[in-house]
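Novice: A structural model of the following input is requested.
(2 chains)
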Protein chains: 2
Amino acid sequence: MELWYKEYHTPGVAFCLKVKETLFSGRSSYQDIQVIDTWEFGRILLLDGLVMISQRDEFIYHEMMAHPAMCLHPTANRCLVIGGGDGGTVREITRHDRLSSVTLCEIDSQVIEISKRFFPEVASALGHDPRVEIVVDDGVRYVDQHRDTFDCIFVDSTDPVGPAEALFQEDFFRKCHAALKADGILVAQSESPTYHLDLMGRVRRALLSTGFTHVYFYFAPVPSYPGSVWSWVMASKRYHPTRDLGTLRGHAWSKDLRYYNLKIHKASFAMPEYVRQAIAGPIDCTTRDET
Amino acid sequence: MELWYKEYHTPGVAFCLKVKETLFSGRSSYQDIQVIDTWEFGRILLLDGLVMISQRDEFIYHEMMAHPAMCLHPTANRCLVIGGGDGGTVREITRHDRLSSVTLCEIDSQVIEISKRFFPEVASALGHDPRVEIVVDDGVRYVDQHRDTFDCIFVDSTDPVGPAEALFQEDFFRKCHAALKADGILVAQSESPTYHLDLMGRVRRALLSTGFTHVYFYFAPVPSYPGSVWSWVMASKRYHPTRDLGTLRGHAWSKDLRYYNLKIHKASFAMPEYVRQAIAGPIDCTTRDET
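Specialist: So this is what the prediction gives:
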């Protein structure tokens, strides 16, 4: 008997992976959680039936979540990750020696426990690095308790339905803006331009009206995610995502990376024409000097 | 009844598209040819059961096949396309006003006829543009009949099995080198780094030993292709793919593009670390100044 996992990216597109075995299946207070082992992508964490991370390509997603902002910000030492209970984003952030603390605020403690058990290489910084604090709480509420506190905030959320819906709203972005220091940077995963251009446009407009100086999308292909190419939005109070970037040469940590490098950083902000035209909208600051 | 098309990207990964109807199904002297209409990707051309082009994302593949070389070469006016019987690469090449002739050398005349019939927007330059010459012939043989003739050669082949296998061999690259002028550029599709790093390494070594001065890969995500991200190799006798690039500003044709722009050109040559490490090999010229 062949077991296959099937994820519908849209009603007319499905991505199928041949499964070796199901390693875990359960339900937390928030969502269904499953871990499957696949032939081509290794172990995969599913939340409500959708791929969150795969062992094969999580390095692309997590490196691109963490390093663009961590390398851009010249002194980032206090960081916050909202969501991302698997620990991959925290793992990448802790590669930076100047970090003094990173808080992981995950609403679902079960995700953290499952990741520690089945993805130890992803959760490697959780419980082992004294700079990492774990808070099990609602991200919106947690951010709202802080002012002028963080250098970088990373929103490592699930798709904008269910528990993560609030993390794509202007109200939440305002709270993040307030919780960031005067030169702070917010990064959020912002879905695939292949299927979610509308969402990207809304997120961009919300961030611009929140008062960030620079709002730019960047991109990387993540094979296990819908639409081939994934996007993140970087909203920065002071530093321009590419023009204010220093050099990575000499950073000892960078030798362990498998996707990110200095050229990839700059390249990832290049915007395909169809994306630029679709999301530019009435406020044209994002694309002013990027096309 | 729901009809679904299923392509196995590897024995453990399948990509499935919901089908409205099958528009054509037949067999030429070389391959099975089918045209299906899908809900999410529009019409799709299948050769031997594999996706060649989809209406939804063919612009990405064809723009990235044609424009990097056509924009880099300062005087390209005589071009050759090998394969690419659908006409999409030729359509993009003919956007450039300075072009005086482009020859399409396709081994399978049926592909050309099917594309004209079912993909008129892709085949738009075939039979309508006096600069376009169509030759139904074996690409290796055709190239071997020319010396010092072409400014740019584009190898728009199927996967390296069956009829296209010879198009990934050193012997063929030598013939292309000889058929190019002293400042000529060869571009070839080179599969996905997600699944074909070995092939990319072999292609790179073959092109370097053929005597090209610059051999660089570039990348773009093509949602309907295996592995999310696609690669092309550019082998250039004189011009460096990014350093010798002029400006696109003022080119009237560029306003019709949907993927390619000047920043995308430069960005597409940025190499993810895992690709660089896998294909660098003993000859390190490709990555010398690109990381």
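Novice: closest to the centroid, which residue in chain A?
Specialist: Of all residues in chain A, the one closest to the mean position by C-alpha atoms, centre = their mean is residue A:156, 3.8 Å from it.
Novice: which residues of the stretch 101-250 of chain A score low on pLDDT?
Specialist: A:247-250 (pLDDT under 70).
Novice: give me that answer again for 80
Specialist: Residues of the stretch 101-250 of chain A meeting the criterion pLDDT under 80: A:161-163, A:246-250.
Novice: got the residues of it near chain B?
Specialist: A:194, A:219, A:221, A:222, A:223, A:225, A:227, A:228, A:229 (C-beta under 8 Å from any C-beta of the partner chain). (Each C-beta comes from the backbone N, C-alpha and C, glycine too.)
Novice: which of those are buried, as a ChimeraX select command?
Specialist: To isolate the buried members of those in ChimeraX, using 16 or more other C-beta atoms under 10 Å in any protein chain shown:
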select /A:194,219,221,222,223,225,227,228,229
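Novice: nearest to residue B:133 among the residues of the stretch 101-250 of chain A next to chain B?
Specialist: residue A:228 (34.5 Å; C-beta to C-beta).
Novice: what residues does that closest one make contact with?
Specialist: A:192, A:194, A:221, A:222, B:221, B:222, B:223, B:225, B:228, B:229 (C-beta atoms under 8 Å, 6 or more residues apart in numbering or on different chains).
Novice: can you redo these as TSV with secondary structure?
Specialist: Formatted as TSV, the contacts of residue A:228 follow (DSSP: H, G, I helix; E, B strand; the rest coil):
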residue	secondary structure
A:192	coil
A:194	coil
A:221	strand
A:222	coil
B:221	strand
B:222	coil
B:223	coil
B:225	coil
B:228	coil
B:229	strand
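Novice: the residue nearest to the centre of chain A bridge partners, please.
Specialist: Beta-bridge partners for residue A:156, by DSSP bridges, are residue A:83.
Novice: got the contact list for it?
Specialist: A:65, A:81, A:82, A:83, A:84, A:88, A:89, A:189.
Novice: quick check: the two most widely separated of these?
Specialist: A:82 and A:88 (13.8 Å).
Novice: nearest to residue B:77, of the contacts of residue A:228?
Specialist: When the contacts of residue A:228 are ranked by distance to residue B:77 (C-beta to C-beta), residue B:222 comes first, at 28.4 Å.
Novice: which non-adjacent residue is nearest the closest one?
Specialist: Nearest residue to residue B:222, sequence neighbours excluded (C-beta to C-beta, 6 or more residues apart in numbering or on different chains): residue B:230, at 4.5 Å.
Novice: sec struct for residue A:111, please.
Specialist: helix.
Novice: spatially nearest residue to it (excluding sequence neighbours)?
Specialist: residue A:85 (3.5 Å).
Novice: with residue A:216 instead?
Specialist: According to C-beta to C-beta, 6+ apart, the nearest residue to residue A:216 is residue A:241 (4.9 Å).
Novice: need the contact list for that neighbour.
Specialist: Residues in contact with residue A:241, defined by C-beta under 8 Å, 6+ apart, are A:68, A:72, A:214, A:216, A:218, A:234, A:269.
Novice: again, 6 Å this time
Specialist: Residue A:241 makes contacts with A:216, A:234, A:269, as judged by C-beta atoms under 6 Å, 6 or more residues apart in numbering or on different chains.
Novice: my guess is residue A:94 meets residue A:129, correct?
Specialist: Yes. Between residue A:94 and residue A:129 there is a contact under C-beta atoms under 6 Å: 5.2 Å.
Novice: which one of these two is surrounded by more residues?
Specialist: Shown here are residue A:94 and residue A:129; by other C-beta atoms under 10 Å in any protein chain shown, residue A:94 has more neighbours (22 against 16).
Novice: wait, residue A:136 sits on residue A:109?
Specialist: Yes. Under the criterion of C-beta under 6 Å, residue A:136 makes contact with residue A:109 at 4.5 Å.
Novice: any idea how far the residue in the stretch 51-200 of chain A positioned nearest to chain B is from residue B:228?
Specialist: Residue of the stretch 51-200 of chain A nearest chain B, by C-beta to the nearest C-beta: residue A:194 (5.1 Å). The gap separating residue A:194 from residue B:228 is 10 Å, by C-beta to C-beta, to the nearest Å.
Novice: what do you get for residue A:181?
Specialist: From residue A:181 to residue B:228 the distance is 36 Å (C-beta to C-beta).
Novice: the stretch 101-250 of chain A: helices as residue ranges?
Specialist: Ranges of helices within the stretch 101-250 of chain A are A:109-118, A:139-144, A:170-179, A:197-210, based on DSSP state H, counting those that start in this stretch.
Novice: so what's residue A:61 up against?
Specialist: Residue A:61 sits next to residue A:222 when contact means C-beta under 6 Å, 6+ apart.
Novice: can I take it that it is in a helix?
Specialist: Yes. Residue A:61 forms part of a helix when assessed by three-state DSSP.
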